[in-house]
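Peer 1: just coords:
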């Protein structure tokens, strides 16, 4: 799963939510999730439960240190249902109604973000229109997922907050400024490779589905 660095600005919230599931980040075992009604058409608890079982099996496989080659398929419907139903309470604060679209080696996602709940964590430049935003705003992000040998990177190419297209350079600056600490004095590089957890070797993204390879 991506580290907490990407939880510090609007588009990063969305990316973290998506990759947490693609990288098999299961919720705590035994956690009780209220069975709230789906927030929109196309979501179902049956698909959310299906992905939950797959993630639990992946976790057990990892604990057993299995070296057997295996693939696990995650459909777009399972992913969206899981994110918005079973995983909803664990989504980054202020982010709701996540909608993911999987293409060939590509992830596009959108959601609604409450600006007031994340304001002050990573402030956009004063000259940016983003500094004038407030309330609930749509957020969209897209990029090409490149990964192999247990590591992945995302080649960002689309970032929108409300109707404003955000340059990748601004996204980089916001993340770096919000993540500077003793461990990362220069902040976090959003282009840096990240390790896939649970011994996942590769996530193959195809139209309508993602295939986890071990």
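Peer 2: Arrived safely. Worth saying up front: this structure is predicted, and the values here are computed from it rather than measured. Numbers count the residues shown, from 1 in each chain.
Peer 1: what is the strand ranked longest in the chain packed up against?
Peer 2: Assignment by DSSP state E gives strand 136-148 as the longest strand of the chain. The contact analysis (3 or more C-beta pairs under 8 Å, 6 or more residues apart in numbering; DSSP states H and E) places strand 136-148 against helix 10-22, strand 106-114, strand 151-161, strand 202-206. (Each C-beta comes from the backbone N, C-alpha and C, glycine too.)
Peer 1: state the mean pLDDT of the longest one.
Peer 2: Per-region confidence: helix 10-22 scores 49 on mean pLDDT.
Peer 1: next, the angle strand 202-206 makes with the longest strand of the chain.
Peer 2: 120 degrees (axes from the mean of the first three to the mean of the last three C-alpha atoms, to 10 degrees).
Peer 1: identify the residues contacting residue 49.
Peer 2: residue 86 (C-beta atoms under 8 Å, 6 or more residues apart in numbering).
Peer 1: what do you get for residue 60?
Peer 2: Residues near residue 60 by C-beta under 8 Å, 6+ apart: none.
Peer 1: just to be sure, it is in a helix?
Peer 2: Yes - counting by DSSP: H, G, I helix; E, B strand; the rest coil, residue 60 is located in a helix.
Peer 1: one step back: list the buried ones in the longest strand of the chain?
Peer 2: Buried residues in strand 136-148, counted by 16 or more other C-beta atoms under 10 Å: 137, 139-143, 145, 147.
Peer 1: okay, these in JSON lines with distance to residue 103 and pLDDT next?
Peer 2: As requested, those are arranged in JSON lines below (distance: C-beta to C-beta, whole Å; pLDDT from 0 to 100):
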{"residue": "137", "distance to residue 103": "24", "pLDDT": "82"}
{"residue": "139", "distance to residue 103": "19", "pLDDT": "82"}
{"residue": "140", "distance to residue 103": "14", "pLDDT": "86"}
{"residue": "141", "distance to residue 103": "14", "pLDDT": "83"}
{"residue": "142", "distance to residue 103": "9", "pLDDT": "87"}
{"residue": "143", "distance to residue 103": "11", "pLDDT": "89"}
{"residue": "145", "distance to residue 103": "10", "pLDDT": "89"}
{"residue": "147", "distance to residue 103": "15", "pLDDT": "90"}
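Peer 1: just give me the closest of these to residue 107.
Peer 2: residue 145 (5.7 Å; C-beta to C-beta).
Peer 1: run through the bridge partners of that closest one.
Peer 2: Applying DSSP bridges to residue 145 yields these beta-bridge partners: residue 154.
Peer 1: need the contact list for it.
Peer 2: So residue 145 contacts 105-107, 152-154, 203, 205 (C-beta under 8 Å, 6+ apart).
Peer 1: repeat for residue 205
Peer 2: 22, 102-107, 145, 211.
Peer 1: where's it relative to residue 152, distance?
Peer 2: Between residue 205 and residue 152 the computed distance is 10 Å (C-beta to C-beta, to the nearest Å).
Peer 1: which regions of the protein sit below the pLDDT cut-off?
Peer 2: In the predicted model, the chain carries pLDDT under 70 at residues 1-32, 115, 117-134, 171, 174-175, 177-179.
Peer 1: that older thread, what's the angle between the longest strand of the chain and strand 106-114?
Peer 2: Angle between the axes of strand 136-148 and strand 106-114 is 150 degrees (criterion: the same axes, to 10 degrees).
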